[in-house]
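Enquirer: following is a predicted model, sequence given first.
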Amino acid sequence: MLAPVAARARGHLMEVPYVVWIVLAPAGFALAVFGTRGFAQLHASLREGDLAALARPPRWPLTRAFGGLLAAAPVAAITGDLGAGRWLAALTAGALAYATAPQFLASTRARAGREVLDHLPLHLELVALALDGGSTFTTALAMCAEHAPDGVLRRAWTRMALEARSGTEPLEAMREMEERLGLRVFGPLLAALRSAEKFELPFAPLLREKARHAAASRFARAEQRARAAPLKLWAALMLCIVPCSLVVIAFPVARLLAWIAGG
Amino acid sequence: MDDVAPIVALTAIAALIAWPAFDAWRRRALSREASAVAIELLAYAAAVRAARDCVPLEDPLRSRIAGLRRAVPEIAGFLLTQDLSRLSAQSLSDAALRLSLRLRRRVAFERKMLARTASGLRRGAVAAAVPPVLLVAFAAAGVVLPSSGLVALLTLEALGCWLLWRLARVDI
């Protein structure tokens, strides 16, 4: 008796999406345009070492909403058999993506910051060497940008070197880079360089000393990660590899149980 | 198709198990090379100090140093000294000594890291080898895992082996 009612209800539910699609298509398109722009800006900020811009990215709610839409669309496509339940599943996936986007952004920013700190000793060492070789500070910055391995810091350094070449005072260019990177480690370095400039002391020994400190910090961070590695290996073993044996054993056991239950 | 799937799965699992071990072997080889280069750099620094002049790097040593460049970014600093014509012999010698010291520290850290993770990797390899052995045993008994089960197994094993490889690797 209820079957025709259920079928009619299902039919109505299946009709709704077409109406919704027509109404929401322009909104989705606009979200895609602004969201793509937002993602492109995030990518550019990360690439150029403008980490401070990631603290409050422009069009962030729209970018997050677009991320949610990108997560929801495949879920809606895959769970087509669920009928109306597909929209609930898609909504849940979209909401999850929207809610976790700030954490993803924060972790990406932290990773880029760690990369900068890891590359810093080499950059300072390169500038010190170039200064030892008789280069001016501006030329040393350019040589460093040329010889350093590729990464966020190198790109930030390249921009700083270009600004210094185009007439900005080198330490002022470095201050601007510090503001863009938003890392506290550059503050003391800049202050020390300003002091050295004021007292007409050579930069090279100072930079080398800072490079030594930065390398020691990097080594300490690596030691910390290394100490945690055995425990993490154990966790990976228990969570991913041991269940594989259970997957293999479960199938014949299930068949055996089905055979026993079937008599 | 059903006959080929278990063979493909077993081959893939064998490759996945071998992956962290292969990477550990490669890192050991890299450490040995870095250690040898560190010793040669000490000799080079001594030669520069004795000559009180910027002695040019010999080509074999230069190519060995350049070969380590991807694994040891600090090499870029030392290679820059070869392009600086006005660098003093003292600075060149100091740069060679610094690089030698950093290479030795890196090698020591790498060895410690390999020793710390060796047992975990061994346990992981043994545990990862159990499912294929069970698969073969069940296949011999006439029980074959369906394709969806094989996919789930491969996904979990791939994730596990990737994690083993990634976690056992700490760069300094």
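Expert: Thanks, I have it.
Enquirer: state the distance from the residue nearest to A:Arg212 when sequence neighbours are not counted to A:Ala211.
Expert: If you skip the residues right next to it in sequence, A:Arg212 has A:Pro121 as its closest partner in space, 7.6 Å away by Cβ to Cβ, 6 or more residues apart in numbering or on different chains. (Each C-beta comes from the backbone N, C-alpha and C, glycine too.) For A:Pro121, the distance to A:Ala211 equals 5 Å [Cβ to Cβ, to the nearest Å].
Enquirer: swap in A:Phe186?
Expert: Relative to A:Ala211, and taking Cβ to Cβ, A:Phe186 is found at 13 Å.
Enquirer: residue closest to the middle of chain B?
Expert: Closest residue to the average C-alpha location of chain B: B:Arg27 at 2.6 Å, with Cα atoms, centre = their mean.
Enquirer: next one: chain A
Expert: A:Thr108 (2.2 Å).
Enquirer: mind giving me the packing neighbours of the host helix or strand of it?
Expert: Assigned by DSSP states H and E, A:Thr108 falls within helix A:85-132. The contact analysis (3 or more Cβ pairs under 8 Å, 6 or more residues apart in numbering or on different chains; DSSP states H and E) places helix A:85-132 against helix A:2-48, helix A:60-78, helix A:137-147, helix A:152-165, helix A:203-236, helix B:75-81, helix B:89-140.
Enquirer: out of those helices, flag the one nearest A:Ile260.
Expert: helix B:89-140 (17.9 Å; Cβ to Cβ).
Enquirer: residue 91: neighbour count?
Expert: Went with chain A since none was named. 14 (other Cβ atoms under 10 Å in any protein chain shown).
Enquirer: um, chain B though
Expert: There are 20 residues near B:Ser91, going by other Cβ under 10 Å.
Enquirer: returning to what we had before: now the residue nearest to the centre of chain A: closest residue in space, sequence neighbours ignored.
Expert: Spatial nearest neighbour of A:Thr108, chain neighbours left out: A:Leu46 (6.6 Å); criterion: Cβ to Cβ, 6+ apart.
Enquirer: show the contacting residues for the one you found.
Expert: Contact analysis of A:Leu46 by Cβ atoms under 8 Å, 6 or more residues apart in numbering or on different chains lists A:Leu54, A:Thr108, A:Arg109, A:Ala112, A:Val152.
Enquirer: the nearest residue to B:Leu97 once chain neighbours are set aside and chain A: what is the separation?
Expert: Excluding the flanking residues, the one nearest B:Leu97 by Cβ to Cβ, 6+ apart is B:Ala45, at 4.7 Å. As for B:Ala45, its distance to chain A is 15 Å (criterion: Cβ to the nearest Cβ, to the nearest Å).
Enquirer: next, B:Ala45: phi, psi?
Expert: Main-chain dihedrals, B:Ala45, degrees, to the nearest 10: phi -60, psi -40.
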